[in-house]
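Asks: generate coordinates for the sequence data below:
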Amino acid sequence: MIALLASFLIATNAPAAEVVANCRSMIPADVELRGRVILRNRKGIVQAEHDYVLVRSNAVTRLTIDGTAYNPPADGSKAPTFGILGTDVTWSDLTLDYLEWNDFSYDENPESETVHGQVCCVILMKAGKRAVRVWVDRKTGALMQAEELVDGEAVRRLWGTRIKKFGERWMANVLEVETLGSGHRTKITVEELK
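Replies: Model (predicted):
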């Protein structure tokens, strides 16, 4: 999940590796998140709601949805296109696994370098045929937005809409995920962080 720990400024000429390292440091290594996944249509009418628990411990991530263990698709190349229980949310949205990919560089053609008024570095992350464009806030190092790409075109987008302090950690507690052109979007809430 999108998290903030401390304020620091990423230099304009910082290498992409420094930007990614700063962003990775914002994500807790060991954490338990509890919340809800809420699918809504264009008019905002709720279509489905699910409780989730995500536990990351000792580099292993476990996800439970409505009390049932959920495992990512066995074929990692299909992971980004399969929404969980018919929602827009994928394993990658909840785990931010693409931040650990080691093939990354500055995006040559960013659509915008600001998200919610924050100046961002735009990084293209790749793993095999998968590609995700991420916006990292230059001021905080936090992930502000991510887009899944297919053949260079955005097909899904994730962004934070609210931030809350959990203990000493600031973190987005409401995220939106949209499959572009689908006519619906899914809200992820973080209600508890341990």
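Asks: F166: what's its closest spatial neighbour, skipping adjacent residues?
Replies: Taking C-beta to C-beta, 6 or more residues apart in numbering, and ignoring the residues beside it in sequence, F166 has L193 as its nearest neighbour in space, at 4.0 Å. Every residue, glycine included, has its C-beta placed from N, CA and C.
Asks: list the contacts for that neighbour?
Replies: Contacts were defined as C-beta atoms under 8 Å, 6 or more residues apart in numbering; by that measure L193 touches 31-34, 166-167, 169, 171.
Asks: run through the helices of the protein in chain order.
Replies: 16-25, 91-95 (DSSP state H).
Asks: the longest strand belonging to the chain pairs with which strands?
Replies: Ranked by residue count, the top strand of the chain under DSSP state E comes out as strand 153-166. When pairs are called by DSSP bridges, strand 153-166 turns out to pair with strand 143-150 (antiparallel), strand 169-179 (antiparallel).
Asks: those: which one's closest to L85?
Replies: Using C-beta to C-beta as the criterion, the shortest distance between L85 and these is 13.0 Å, found for strand 169-179.
Asks: state the mean pLDDT of the closest one.
Replies: Confidence over strand 169-179 (mean pLDDT, whole number) is 83.
Asks: could I get the buried residue list for the longest strand of the chain?
Replies: Going by neighbour count (16 or more other C-beta atoms under 10 Å), the buried part of strand 153-166 is 155-160, 166.
Asks: tell me which of the residues you listed is nearest to G128?
Replies: When these are compared against G128 (criterion: C-beta to C-beta), the nearest one is V155, at 16.4 Å.
Asks: pipe the helices of the chain into JSON lines and attach mean neighbour count, distance to T64 and mean pLDDT per row.
Replies: Below are the helices of the chain laid out as JSON lines (neighbours: other C-beta atoms under 10 Å; distance: least, C-beta to C-beta, whole Å; pLDDT from 0 to 100):
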{"stretch": "helix 16-25", "mean neighbour count": "17", "distance to T64": "25", "mean pLDDT": "84"}
{"stretch": "helix 91-95", "mean neighbour count": "21", "distance to T64": "11", "mean pLDDT": "87"}
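Asks: any chance of those helices in CSV, plus distance to A127?
Replies: Output for the helices of the chain, formatted as CSV (distance: least, C-beta to C-beta, whole Å):
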stretch, distance to A127
helix 16-25, 13
helix 91-95, 10
